[in-house]
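In: one predicted model, sequence on top.
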Amino acid sequence: MNCDIHDPKLASAGRQRILWADRNMPVLKRIRERFDKEKPLDGYTIGACLHVTTETANLMRTLKAGGARVLLCASNPLSTQDSTAASLVEDYGIEVFAIRGEDRDTYYKHIQSVISAGCHVTMDDGADVVSTLHSDGAKYAASVLGGTEETTTGVIRLRSMEKDSVLKYPIIAVNDAITKHFFDNRYGTGQSTIDGVLRATNMLIAGSTVVVAGYGWCGRGLAYKARGMGGHVIVTEVDPFRALEASMDGFRVLPMKAAAPIGDLFVTVTGDCSVIRKEHFEMMKDGAVVANSGHFDVELDLVQLGEMAVKREMARPLVEGMTLANGRTIFVLAEGRLVNLSAAEGHPACVMDMSFANQSLSAEYIIKNHEKLERKVYPVPKEMDRYIASLKLETLGIEIDTLTPEQVKYLSSWDMGT
Ligand code: NAI
């Protein structure tokens, strides 16, 4: 089998974890059962660049059940679960190229290994495959019918490519489905970011001042969870609407310069670069903890912090102490990479169930409809999004009301007042 993983002997531990996650992914399971019967992906090659976690493993199983040849590489060098990678190769016949902690060159070599298979559909989390297929891997772009994108940062990159008319094939923005960002970004990132911080530090959130940079989908979730655990939460923003929303949701809103001297824990979730930088680091308290849960490791300016540090020392696994000339030590979690995936296991399976239902149905949609699609970024079709929401409710045993004919008429009329 074509693959590059840490250790195939980890497969049985990985399989156990994959099956544990599968218990909480009933929507994806339902799709997998249909795919197994209908084989809608038969004869197609799917190249995925996603976090190599147990939830992703169940997505890979689903695509394979649909008849596809499936290749997977990591969308972050620190998020790979080596046991999951091993089980995918050994138990499920998926070609995996991912090793936890791989260096930058290996990371890109693994992306090349996936795209050189000649993919018909690409699946990205952060648009690294698309960007490689538009630069040094351009010769492999011709076979691609379409792709999907999992995260906010990737969708932003792809929209810029569409705007500059350089996008070579259509993309479905899975992130923008309601059944994705309302739940995965908010509840998934919210909970798993706290999980990552706690596993790395074992700090007490109650009574701590927690600074959340960015009050988007992820930031909202994180701010609410931190408050729920007794943290004094401060939000920083650049968008006036979001700042106003944070304020009316009951959070204290401050510029980072004002938050820097009072925070105990700082987490960036903006998708932006250098959100916390030299001017902020130099004001922080001794013992301040800084982490990032945004897609790329650019939100904390660790180059500047490294230059400011007179001493660097690992305090615990994934916790690096950086002592400044003023004698204070700032602790950086997981090298500034996605803390929820580097220090914990990423989002719970229950929420990834919907995200990956969107991914699998979008792959099927691309294969069925690629001739009609242009080189643009498309939303997930509304009916697909709604179908996933309905199925999720059904699997959770939640029933809702349906509109009566009178209500349908009322809601579509303009002449029926009081
Ligand atoms: P969003 O667009 O809903 O929110 C981002 C917010 O950050 C916006 O309100 C924006 O105004 C604010 N912002 C931008 N620059 C800022 C700055 N310098 N200071 C303060 N606020 C600033 O995006 P969403 O969906 O919340 O995603 C945020 C990031 O998290 C993205 O990079 C996304 O790809 C990533 N993400 C990470 C996940 C994880 O597992 N850790 C899961 C889902 C998304």
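Out: In hand now; what should we look at? Small disclaimer: the values here were computed from a predicted structure and weren't measured. Residues are numbered from 1 along each chain as shown.
In: CA atoms only for the strand of greatest length in the chain - export them in CSV, please.
Out: The longest strand of the chain (DSSP state E) is strand 309-316. Below are the C-alpha coordinates for strand 309-316, written out as CSV (Å, rounded to 0.1, in the frame of the first residue of the first chain):
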residue,chain,number,x,y,z
ALA,A,309,13.0,35.8,24.6
VAL,A,310,16.3,35.6,26.6
LYS,A,311,15.5,32.0,27.6
ARG,A,312,13.3,29.3,26.1
GLU,A,313,12.4,26.1,27.9
MET,A,314,9.8,23.4,27.6
ALA,A,315,7.8,23.5,30.9
ARG,A,316,5.6,20.5,30.0
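In: residue 255: how many residues sit nearby?
Out: 12 (other Cβ atoms under 10 Å). C-beta coordinates here come from the backbone N, C-alpha and C atoms, glycine included.
In: start at 481 instead
Out: Understood, numbering begins at 481; the last thing we discussed is residue 735.
In: now do the contacts for the closest residue to it other than its chain neighbours.
Out: Closest residue to residue 735 apart from its sequence neighbours, by Cβ to Cβ, 6 or more residues apart in numbering: residue 716 at 6.4 Å. Neighbouring residues of residue 716 by Cβ atoms under 8 Å, 6 or more residues apart in numbering: 691, 692, 693, 694, 733, 734, 735, 736, 739, 755.
In: circling back: what element comes up after the longest strand of the chain heading to the C-terminus?
Out: Counting by DSSP states H and E, the next helix or strand C-terminal to strand 789-796 is strand 799-804.
In: hang on, the earlier thing: just the buried ones from the contacts of residue 716?
Out: Neighbour counting with 16 or more other Cβ atoms under 10 Å marks 691, 692, 693, 694, 733, 734, 736, 739, 755 as buried within the contacts of residue 716.
In: point out the residues in this structure that sit beside the ligand.
Out: By Cβ under 6 Å from any ligand atom, the part of the chain that sits against the ligand consists of 631-633, 661, 665, 669, 693-699, 716-719, 722, 749-752, 755, 773-775, 818, 820-821.
In: got a quick ChimeraX command for the buried subset of those residues?
Out: Command for ChimeraX that selects the buried part of the residues of the chain next to the ligand, burial taken from 16+ other Cβ under 10 Å:
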select :631,632,633,661,665,669,693,694,695,696,697,698,699,716,717,722,749,750,751,752,755,773,774,775,818,820,821
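In: inside helices: which ones of the residues of the chain next to the ligand?
Out: If you go by DSSP state H, the residues of the chain next to the ligand have 632, 633, 669, 697, 698, 699, 722, 820, 821 in helices.
In: what's the farthest-apart pair in those?
Out: 722 and 821 (24.1 Å; Cβ to Cβ).
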